[in-house]
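**Q** this one's sequence-less:
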C-alpha cells in the first residue's frame, strides 16, 4: 500500500510546496498525522486548511496557497516574472483557474479560463505556470498595447519565447470577444520585422490550407533558374501549373529596397512563364478562404492561358 506521507509530499511538490488538508486526507493521511507534522515543524500551517510541506520564498507563498486551494495555474504577470520577462510589473500575484468557483484567495488575483490546455502549462520552482507563449497571450488581456508590444518583442528577441510556438498557441485560442486578441494580433503582425519565425509559421499554415482543401501538393523551397543564389528559393511551387506562392512575413515593407527586390523577382518569374501569388499574415489568419480560392483559381488557369494574358 502506498505510503500516505510519500503521496502527500509528491502532491505538494507539484503545487508550490503546499498541500491542503482535504488533499492530505484524500491520499490517506489523518488529522492526527497532520497535527503531528505541524507540531514537529515538518509542516507549517500557512493558511486555513493549507500546509507548507516544503520551504518556499515568503513572497511566493500566497501563490502556492492559491495553486493548492483552487487547483490553479500561475499566470499573467506572475508567470511573466517567473519566466524572466520584462518590462512587466513585478510583485503581482496572479493565477488562472478553469472555473472561478471562488475568488477569495487574497492577495492573489484569480482569472478564469476555459481554454487553458495541459500543453499550455509548464513547471517552474514547483509551480504549475503558463508556458512563455501562453503567458504572452494572457498578458494581452491586462497590458496596454504599447507595453504588450515591448514585452512580446523583448521575449522573442531574448529567446524566452519561441515565435512560431507563440503563433501556433495564439491560433489555438484566438476567438472573437476574447480579451486581448485584437491587440495581440497586431503585435504578432509587427513581429514580422524579425521575419524568419513568422514566415515559417505562415508556410506551415499555407501547407495546412492546401492539404485541407484537397489541392495538389506543392514543392517547397524550390530553387528557380531565374533566381540568384543570394535571392534564395521560392516558398512553394506548383510546377504543373507554373505557379509560385510566396508567404510574405512582413506586414509592411519597412525598406524600399526589399519591396523593389520582391517585385523584380516577381517580374523575372512572369518573364519565365510563371505566375506569382503572395499572401500575408493577415490573409492567412483572417481570410483563409480567400487564400484557398485564389490558389484554386490559379491552378485551374492553364499556363498557356496565363501566357496569353501576359
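**A** Perfect, thanks for sending it. Not measured: the values here are computed from a predicted model. Numbering: from 1, shown residues only.

**Q** so for stretch 127-146, what gets flagged as buried?
**A** For stretch 127-146, the neighbour count (16 or more other CB atoms under 10 Å) marks 127-143 as buried. Quick note: C-beta positions are derived from backbone N, CA and C, even for glycine.

**Q** typo on my end, it should be stretch 28-38
**A** By neighbour count, and taking 16+ other CB under 10 Å as the criterion, the buried residues in stretch 28-38 are 29, 34, 37.

**Q** so which of the buried residues of stretch 127-146 belong to strands?
**A** Among the buried residues of stretch 127-146, the members falling in strands (DSSP state E) are 127, 128, 129, 130.

**Q** any chance of those residues in TSV, plus pLDDT and distance to residue 279?
**A** Conversion of these to TSV gives the following (pLDDT from 0 to 100; distance: CB to CB, whole Å):
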residue	pLDDT	distance to residue 279
127	92	41
128	95	38
129	97	35
130	97	31
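
**Q** what does the helix or strand containing residue 187 contact?
**A** Using DSSP states H and E, residue 187 falls within helix 181-190. By CB atoms under 8 Å, 6 or more residues apart in numbering, the list of residues contacting helix 181-190 from outside reads 136-137, 140, 145, 148-149, 152-153, 166-167, 170, 174-175, 198, 251, 281-282, 285.

**Q** leaving out sequence neighbours, find the closest residue to residue 4.
**A** With sequence-adjacent residues excluded and distances taken as CB to CB, 6 or more residues apart in numbering, residue 4 is closest to residue 28, at 3.3 Å.

**Q** show me what contacts the one you found?
**A** Residue 28 is in contact with 2, 4, 7, counting by CB under 8 Å, 6+ apart.

**Q** ok, of those, which come out buried?
**A** Taking 16+ other CB under 10 Å as the criterion, what is buried in these is 4, 7.

**Q** and the pLDDT for the closest residue to residue 180 other than its chain neighbours?
**A** With sequence-adjacent residues excluded and distances taken as CB to CB, 6+ apart, residue 180 is closest to residue 140, at 2.9 Å. The per-residue pLDDT reported for residue 140 equals 96.

**Q** what's near enough to touch residue 140?
**A** By CB under 8 Å, 6+ apart, residue 140 lies in contact with 148, 179, 180, 181, 183, 184, 187.

**Q** circling back to that earlier point, would you format the contacts of residue 28 as a markdown table with distance to residue 54 included?
**A** Formatted as a markdown table, the entries for the contacts of residue 28 read as follows, by distance: CB to CB, whole Å:
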| residue | distance to residue 54 |
| --- | --- |
| 2 | 19 |
| 4 | 17 |
| 7 | 15 |
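
**Q** can you count the residues close to residue 263?
**A** Counted with other CB atoms under 10 Å, the burial measure for residue 263 works out to 11 neighbours.

**Q** so it is in which element?
**A** Secondary structure assignment for residue 263, by DSSP H and E: helix 256-271.

**Q** helices or strands next to the helix or strand following that helix in the packing?
**A** Counting by DSSP H and E, the next helix or strand C-terminal to helix 256-271 is strand 275-280. In terms of contacts (3 or more CB pairs under 8 Å, 6 or more residues apart in numbering; DSSP states H and E), strand 275-280 is packed against strand 243-248, helix 256-271, helix 288-300.

**Q** need the contact list for residue 121.
**A** By CB under 8 Å, 6+ apart, the contact set of residue 121 is 73, 128, 129, 130, 131, 134.

**Q** helix, strand or coil for the nearest residue to residue 125 once chain neighbours are set aside?
**A** Of all residues beyond its chain neighbours, the one nearest residue 125 is residue 82 (7.0 Å), with distances taken as CB to CB, 6+ apart. Remark: residue 82 carries the secondary structure label helix [criterion: DSSP: H, G, I helix; E, B strand; the rest coil].

**Q** surely residue 82 and residue 73 touch.
**A** No. The pair residue 82 and residue 73 does not pass the contact test of CB atoms under 8 Å, sitting 11.4 Å apart.

**Q** touching both of those two, which residues are there?
**A** In terms of CB under 8 Å, 6+ apart, residue 82 and residue 73 are both contacted by the residues residue 129.

**Q** can you give me the helices for the stretch 1-150 of the chain?
**A** In chain order, the stretch 1-150 of the chain shows helices spanning 4-12, 21-26, 31-39, 61-70, 76-83, 132-139, 145-157, with DSSP state H, counting those that start in this stretch as the criterion.

**Q** hmm, back to that, buried ones from the contacts of residue 140, can you make that a ChimeraX selection?
**A** Isolation of the buried members of the contacts of residue 140 (16+ other CB under 10 Å) is achieved in ChimeraX through the command below:
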select :148,180,181,183,184,187
